[in-house]
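[1] Need a 3D model of the following:
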Amino acid sequence: MAKIHELLAARRCISFEFFPPKTDEAERALEKALVELEPLHPAFVSVTYGAGGSTRERTRDIVVRILRETSMTPMAHLTCVGHRRDELIDIIDGYREAGVENILALAGDPLVDGADHGAVADSFHFAHELVELIRERGTFSIGVAAHPEGHPRSTSSTDDRRHLAAKLALADFGVTQFFFQAADYLRMVEDLAALGVDKPVVPGIMPVTNLGQIERFARLSGAAFPEALAERLRGVADQPEEVRRIGVEAATELCRELLDAGAPGLHFYTLNRSTATREIYANLALS
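    Next up, the predicted model:
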């Protein structure tokens, strides 16, 4: 199975992200999305991991099933907040033994019960600590998260870029949080280059198919939702198909601008649905 940093060194990589389902209906939606997106031959696909490890078993099961039952290369998300070192070692070693070679190392959100992760004995607080542990446990290809507009908890743009550069120095590549304006991504890449970092950072794309949902996601992630796009969408808020059409059109334009500027690929946040991603893929004639 391929390592993602090697794929990125060889070609432009289109990839998709999924999340572990919590209901039977959501399980069927994920299965449908996997079946419909596999024929697009993504370079890799990733599976998210809940706050405090709340989807730990489901994430592992989906990653291993993708590895064994499909042609797609999986990347497992792994967060360290709320986990003891020995728990993380068990998870990492389990992936290595199953043949999984790619991990996205994340700090993670606060625990779902609101507990202070610092109270968990032997817990890591930062993604770079997890990257170092993964390096100790095998020859994984390791990615880290990047925020084109700055991490929501960063104190300044300078501070954010310095921490991101330090993470990328230890890791093999980055994948960004979703964003809506190419200039934010390109500015981040320029800032990293000025700090001597040339690791590939794949831009994350989330097509707008539901205005309320995307505005909520944007608030939680710290992504700025362009007012011009918001106004277009609010004007057709009572027409779901028109909202989706405009969202796909805007995402297609963003993707084209990013690829024309030399982005190493595109990472689509699918929300376990395939239609918008497939439409953008067709619009861009990706293959």
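
[2] Surely Ala76 is in a strand?
    Yes. Counting by DSSP: H, G, I helix; E, B strand; the rest coil, Ala76 falls inside a strand.

[3] any idea which element the closest residue to it other than its chain neighbours lies in?
    Nearest non-adjacent residue to Ala76, counting by CB to CB, 6 or more residues apart in numbering: Val63, 4.5 Å away. From N, CA and C alone the C-beta is placed, and that goes for glycine too. Using DSSP states H and E, Val63 sits in helix 56-69.

[4] just checking, what packs against that helix?
    Helices and strands touching helix 56-69, by 3 or more CB pairs under 8 Å, 6 or more residues apart in numbering; DSSP states H and E, are strand 44-47, strand 74-79, helix 85-98.

[5] still on that earlier bit, I'd assumed Val100 was in contact with the residue nearest to Ala76.
    Yes. When contacts are counted by CB atoms under 8 Å, Val63 is listed as touching Val100 (5.8 Å).

[6] Between these two, which contacts overlap?
    Counting by CB atoms under 8 Å, 6 or more residues apart in numbering, the residues touching both Val63 and Val100 are 74, 76.

[7] So which of those two has more stuff around it?
    Comparing Val63 with Val100 by other CB atoms under 10 Å, the one with more neighbours is Val63, at 25 against 22.

[8] so what's that one up against?
    Here Val63 is in contact with 47, 74-76, 95, 98, 100 (CB under 8 Å, 6+ apart).

[9] and Pro241, what pLDDT?
    For residue 241 the amino acid is Glu, not Pro. On pLDDT, Glu241 comes in at 92.

[10] host element of it?
    helix 240-260.

[11] which helices and strands sit right next to that helix?
    Checking 3+ CB pairs under 8 Å, 6+ apart, helix 240-260 ends up next to helix 182-194, strand 201-205, helix 227-234, strand 265-269, helix 275-283.

[12] worst average pLDDT in these?
    helix 227-234 (a mean of 88).

[13] Just the pLDDT at Asp116, thanks.
    49.

[14] and the closest residue in space to Ile89 that isn't next to it in sequence, backbone torsions?
    By the measure of CB to CB, 6+ apart, the closest residue to Ile89 outside its immediate chain neighbours is Arg137, 6.4 Å from it. With angles defined as degrees, to the nearest 10, Arg137 sits at phi -100, psi 0.

[15] who's the most centrally placed residue in the chain bridged to?
    In the chain, the C-alpha nearest the mean C-alpha coordinate belongs to Val175, at 5.6 Å (CA atoms, centre = their mean). Beta bridges link Val175 to Ala145, Val202, judged by DSSP bridges.

[16] and of the helices and strands packed on helix 240-260, who's closest to Ala165?
    Of all these, helix 182-194 sits nearest to Ala165, with 5.9 Å by CB to CB.

[17] So which bits of the closest one are buried?
    Buried residues in helix 182-194, counted by 16 or more other CB atoms under 10 Å: 182, 184-186, 188-189, 191-192.

[18] What strand or helix carries Phe225?
    Counting by DSSP H and E, Phe225 is part of no helix or strand.

[19] if I read this right, it contacts Ala218, doesn't it?
    Yes. Taking contacts as CB under 8 Å, Phe225 lies within contact range of Ala218: 4.5 Å.
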